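Chemist: Give me a model of this one.
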Amino acid sequence: MRKVIDLQMRLGEKDIGTIEFDPKSRDDIPQILRGLQHIYTESEAREQIFGILEELLPKRVGGKKGKADPNNGRPGMAQWKILVLGVLRLALNMDYDRLQELANQHNTIRQMLGHSDWMDDTRYELQTLKDNVGLFTPEILDRINQVVVRAGYRALKKSPEEGIDARADSFVVETDVHFPTDINLLLDAVRKTIEIAAKLAKENGLKGWRRRRDYQKHLKRLYRIVQKLKHSTSKDEEKRKKKAKEIQQAYRNYLKLAQSYLDRAEEIRGQVDLSTARNTALLAKLDNYMSHAKRQIDQTDRRAIKGEKIPHAEKVLSIFEPHTEWVVKGKAGVPVELGLRVCVVEDKNRFILHHQVMEKLTDEQIAVAIIQETKARFPALRAVSFDKGFYSPANQVQLAECLELVVLPKKGKLSQADRARETSPEFVCLRRQHSAVESAINALEVHGLDRCPDHGSDGFKRYVALAVVARNIQRLGAVLRQQDADKERRRRGPYKKAA
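Modeler: Residues are numbered from 1 along each chain as shown. Model (predicted):
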């Protein structure tokens with residue numbers, strides 16, 4: 001059973017609309033909570049967001065398809081609380097442990113969650129927070145983001161129908177992976193194979209895996225030997241040849257041991273009862289890690305022993321986050337980034353209108369699609385600025401068909417027509433303002449989008465979408481706090497110097 005929010009207030013509970021924040025506080029928590037308070041108290045935004053939050057339901061239990069019935073079963077966490085906790089997690093760039101501490105101990109946050117100061121001893125468990133925040137989907141968050149942006153425009157006394165000027169750029173959000181080498185990827189795959197094989201053996205009463213920790217330590221010991229030999233250097237020719245032989249032998253020992261553990265896992269696989277759902281799920285994981293291990297053994301043997309060069313297309317950068325991409329953006333001091341590109345479209349009021357995770361896409365491939373999607377959400381989008389990385393002749397033509405002004409600098413030498421276009425006053429004005437998008441990207445990175453700790457492609461997309469919503473709510477809160485400060489300043493009147 002789920003409710004967006006419990007409308008029946010309890011003894012000691014404070015109405016969310018009457019929560020007061022310290023106007024002198026320079027911390028970001030009051031900004032976030034002020035933005036959440038506004039979308040709760042403004043009738044139009046509240047009605048729309050609560051309607052969207054009603055769709056935030058867990059899956060049905062017992063293997064049944066569809067979502068749970070919100071009117072039956074045990075009471076679950078109210079969807080408003082899930083939104084507050086999810087926004088705080090991303091806006092403060094924190095893990096679930098700190099989120100749990102704030103949800104249980106921070107008075108103002110508990111008031112925003114609908115708890116009283118002294119009568120309500122409700123506490124949030126760590127797994128409860130993870131499960132409920134994980135209910136969000138990118139589609140639900142995208143719709144919430146549109147409502148938040150429009151609420152921001154109303155707070156600024158502006159209409160999104162008057163015409164929107166925006167700027168677009170991309171950046172890399174790193175996935176939670178270590179730098180990939182063939183030997184450490186093999187170590188990861190075999191380590192997980194041993195772990196799951198031992199779990200299968202224990203649950204099915206099979207012998208031979210009691211010393212699984214010793215197996216993992218033995219494998220890691222050989223991994224360290226290979227690692228150290230790889231990094232050792234010598235200028236003497238004879239010593240170099242001797243060292244090369246030692247390295248090859250170390251690789252052979254490492255691969256031989258890894259293969260022996262795979263062979264043992266293959267044996268236990270044939271002894272497991274396939275009729276139970278638990279065994280089936282564990283076997284699916286075992287097959288996944290074993291396939292990774294076999295590939296890494298093959299690639300390591302081809303590269304280190306046979307001297308082949310492995311094509312980049314055959315390489316896997318992480319066995320845990322397979323969607324990770326090797327991104328080289330040419331930044332000074334950053335030769336490579338491991339993650340996914342994310343493209344954002346920000347307006348001149350510093351609200352993020354739309355974003356897209358770029359899986360196996362580059363800037364020039366995403367330019368038209370993201371602007372068409374943004375314009376579908378905000379039809380008054382009038383002009384958008386890009387950098388040269390988004391340029392292609394086709395993009396210039398297609399963007400000009402859906403926008404009044406396209407600020408897309410051309411790569412290479414300019415023709416006379418291109419020079420006239422790029423020196424027009426409006427083009428120059430918007431191009432000079434384009435660098436402000438870096439501020440939005442930096443704000444997103446500071447507030448959660450430096451590195452994604454969530455797992456899987458779906459988790460990555462949910463994390464990015466929640467970060468965009470959190471950033472816009474914080475921006476809304478900053479606007480409202482500034483308006484409150486200006487109102488208080490006007491109320492006090494001009495400062496008069498004492499006689």
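
Chemist: CA atoms for contacts and neighbours, from now on please.
Modeler: Fine.

Chemist: what residues are up against P494?
Modeler: The neighbourhood of P494, defined by C-alpha atoms under 8 Å, 6 or more residues apart in numbering, contains no residues.

Chemist: Can you tell me the closest non-neighbouring residue to A91?
Modeler: Once flanking residues are discounted, A91 sits nearest to H447: 4.8 Å by C-alpha to C-alpha, 6 or more residues apart in numbering.

Chemist: isn't the one you found right next to R471, touching?
Modeler: Yes - H447 is in contact with R471 according to C-alpha atoms under 8 Å; the separation is 7.4 Å.

Chemist: from the middle of its chain, how far away would the biggest helix by length in the chain be?
Modeler: Counting residues, the longest helix found in the chain (DSSP state H) is helix 456-492. Here helix 456-492 is found 18 Å from its chain centre; the criterion is C-alpha atoms, centre = their mean, to the nearest Å.

Chemist: In it, which residues are buried?
Modeler: For helix 456-492, the neighbour count (16 or more other C-alpha atoms under 10 Å) marks 457, 459-481 as buried.

Chemist: Tell me which residues are up against stretch 381-399.
Modeler: 163-169, 363-368, 371, 374-375, 403-411, 430-431, 434.

Chemist: swap in stretch 78-88?
Modeler: Against stretch 78-88 from outside (C-alpha under 8 Å, 6+ apart): 2-6, 29, 32, 36, 50, 53-54, 56, 99, 103, 112-113, 129, 132-133, 466-467, 469-470.

Chemist: PyMOL command for the buried members of these?
Modeler: Per 16+ other C-alpha under 10 Å, the buried members of the contacts of stretch 78-88 correspond to this PyMOL selection:
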select buried, resi 2+3+4+5+29+32+36+50+53+54+56+99+103+112+113+129+132+133+466+467+469+470
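
Chemist: Show me the contacts of stretch 78-88 that map onto helices.
Modeler: Counting by DSSP H, the contacts of stretch 78-88 contribute 29, 32, 36, 50, 53, 99, 103, 112, 129, 132-133, 466-467, 469-470 to helices.

Chemist: Name the residues of stretch 67-81 that are buried.
Modeler: Of all the residues in stretch 67-81, those buried under the rule 16+ other C-alpha under 10 Å are A68, P70, M77, A78, Q79, W80, K81.

Chemist: Repeat that for stretch 100-113.
Modeler: Q100, L102, A103, N104, T108, I109, R110, Q111, M112, L113.

Chemist: Could you pull out the helices in the stretch 151-300 of the chain for me?
Modeler: Along the stretch 151-300 of the chain, the stretches classed as helices by DSSP state H, counting those that start in this stretch are 182-203, 212-231, 237-269, 277-300.

Chemist: Packed most tightly, which of the ones you listed would that be?
Modeler: Across the helices of the stretch 151-300 of the chain, averaging neighbours per residue (mean count of other C-alpha atoms under 10 Å) puts helix 182-203 on top, at a mean of 21.

Chemist: List the contacts of that helix.
Modeler: 206-210, 212, 215-216, 219-220, 223, 258, 261-262, 265, 268-269, 272, 279, 282, 285-286, 289-290, 292-293, 296-297, 299-300, 318-319.

Chemist: Could I have the CA atoms of it written out in CSV?
Modeler: Only the C-alpha atoms of helix 182-203 are listed here, as CSV (Å, rounded to 0.1, in the frame of the first residue of the first chain):
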residue,chain,number,x,y,z
ASP,A,182,43.8,-8.0,-19.0
ILE,A,183,45.3,-9.6,-15.8
ASN,A,184,43.1,-7.6,-13.4
LEU,A,185,39.9,-8.3,-15.4
LEU,A,186,40.8,-12.0,-15.3
LEU,A,187,41.4,-11.8,-11.6
ASP,A,188,37.9,-10.2,-11.1
ALA,A,189,36.2,-12.8,-13.3
VAL,A,190,37.8,-15.9,-11.6
ARG,A,191,37.4,-14.4,-8.2
LYS,A,192,33.7,-14.1,-8.7
THR,A,193,33.5,-17.5,-10.4
ILE,A,194,35.1,-19.1,-7.2
GLU,A,195,32.7,-17.1,-5.0
ILE,A,196,29.6,-18.2,-6.8
ALA,A,197,30.8,-21.8,-7.3
ALA,A,198,31.4,-22.1,-3.5
LYS,A,199,27.9,-20.7,-2.8
LEU,A,200,26.4,-23.3,-5.1
ALA,A,201,28.4,-26.0,-3.4
LYS,A,202,27.3,-25.0,0.0
GLU,A,203,23.6,-24.7,-0.8
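
Chemist: Which pLDDT value belongs to K496?
Modeler: We have a pLDDT of 52 for K496.

Chemist: nearest spatial neighbour of Q48, skipping sequence neighbours?
Modeler: Closest to Q48 by C-alpha to C-alpha, 6+ apart is V147, at 7.1 Å.

Chemist: Next, the angle from the helix or strand in which the one you found is found to helix 456-492.
Modeler: Element membership of V147 [criterion: DSSP states H and E] is helix 138-155. With axes from the mean of the first three to the mean of the last three C-alpha atoms, to 10 degrees defining the directions, helix 138-155 sits at 10 degrees from helix 456-492.

Chemist: Partner strands of the host helix or strand of C343 and their direction?
Modeler: Using DSSP H and E, C343 sits within strand 337-347. When sheet partners are counted by DSSP bridges, strand 337-347 sits next to strand 164-175 (antiparallel), strand 325-327 (antiparallel), strand 352-358 (antiparallel).

Chemist: intersection of neighbour lists for H447 and R471?
Modeler: Joint contacts of H447 and R471 (C-alpha under 8 Å, 6+ apart) are A91.

Chemist: thinking D95 is in contact with R89, fair?
Modeler: Yes - taking contacts as C-alpha under 8 Å, D95 lies within contact range of R89: 6.8 Å.

Chemist: These two - which one has more neighbours?
Modeler: R89 (24 against 13; other C-alpha atoms under 10 Å).

Chemist: got the contact list for that one?
Modeler: So R89 contacts D95, Y96, L99 (C-alpha under 8 Å, 6+ apart).

Chemist: Is it possible to get CSV of these that adds distance to E139 and pLDDT?
Modeler: As requested, those are exported to CSV (distance: C-alpha to C-alpha, whole Å; pLDDT from 0 to 100):
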residue, distance to E139, pLDDT
D95, 23, 94
Y96, 23, 96
L99, 24, 96
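
Chemist: And these, which is closest to V328?
Modeler: D95 (28.2 Å; C-alpha to C-alpha).
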